[in-house]
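Engineer: Here's my sequence, what's the structure:
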Amino acid sequence: MTENFREKVLKGADCFGIELTQLQTEQLYEYYRMLVEKNKVMNLTAITEEDDVITKHIIDSLSLASCIRITSQKMIDVGTGAGLPGMILKIAFPQTEMTLFDSLKKRLVFLDEVSERLGLEKTATLHGRAEDLGRNEKYRESFDIVVSRAVANMNSLSEYCLPFVKKNGIFAAYKSAESHEEIKNALGAVKKLGGSLTEENVFILPGTEIERRIAIITKVKSTPAAYPRKAGTPSKDPLK
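Structural biologist: Numbering: from 1, shown residues only. Sure, this is the predicted structure:
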């Protein structure tokens, strides 16, 4: 692990009130190393430079801790891709029960390799489409926290994610600084799906001038049985 990596990760995490151990810092570095290596043969991320990965992937993923208290909750990362933010949150908060969910199997194979290499417990990968698994009794309304980062427009994303959230649970959507109107325009869809916008947390990524936003939605009532609609519909005909 480089000194640059250690210092910048620890400093960035500290900005969100997170204290990382030596082991956790080493695990984050190993994840970074494996990500860059796998990216040579498989498209996982366009961001590979060490400083950029630290800031735009690792610290950005950890920013959720500035919005909510993360303990031993049951979490699912919808559309996890390369494991962002789910894998990073799992490393930083090992007591969580983390499910990494994606529609592309080969991404999950990579994440299984990472999980095994790092010795992570209570970590599972899940393959499928959100529209299908959101109706599955095993997963529907069974998670305390649902996270998603850079997956879809807020209207569609809410239909993908809110069915997984248990009542009084939280859906956290990682968004860009310019997404306020997008979030505002999705409030009708959020309400139909049983959610209520609690807050929009706006912050600057430590060490940069990049403004980010996380929308925190609380599940106030069960999602109606009609949702999610069949595969493909939420993206083609987003709820209003």
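
Engineer: Can you get me the centre-to-centre distance for stretch 200-213 and its chain?
Structural biologist: 16 Å (CA atoms, centre = their mean, to the nearest Å).

Engineer: buried residues in that stretch?
Structural biologist: 200-201, 203, 205-206, 212-213 (16 or more other CB atoms under 10 Å). Bear in mind the C-beta positions are built from the backbone N, C-alpha and C, glycine included.

Engineer: Show me which pair in these is furthest apart.
Structural biologist: Greatest spatial distance among the buried residues of stretch 200-213 (CB to CB): E200 and P206, at 19.1 Å.

Engineer: Any regions of the protein where pLDDT drops low?
Structural biologist: The chain contains no residues with pLDDT under 70.

Engineer: Just put the buried residues of stretch 200-213 in JSON lines and tack on distance to L10 and secondary structure.
Structural biologist: JSON lines is the format used below for the buried residues of stretch 200-213 (distance: CB to CB, whole Å; DSSP: H, G, I helix; E, B strand; the rest coil):
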{"residue": "E200", "distance to L10": "28", "secondary structure": "strand"}
{"residue": "N201", "distance to L10": "22", "secondary structure": "strand"}
{"residue": "F203", "distance to L10": "18", "secondary structure": "strand"}
{"residue": "L205", "distance to L10": "15", "secondary structure": "coil"}
{"residue": "P206", "distance to L10": "11", "secondary structure": "coil"}
{"residue": "R212", "distance to L10": "20", "secondary structure": "strand"}
{"residue": "R213", "distance to L10": "25", "secondary structure": "strand"}
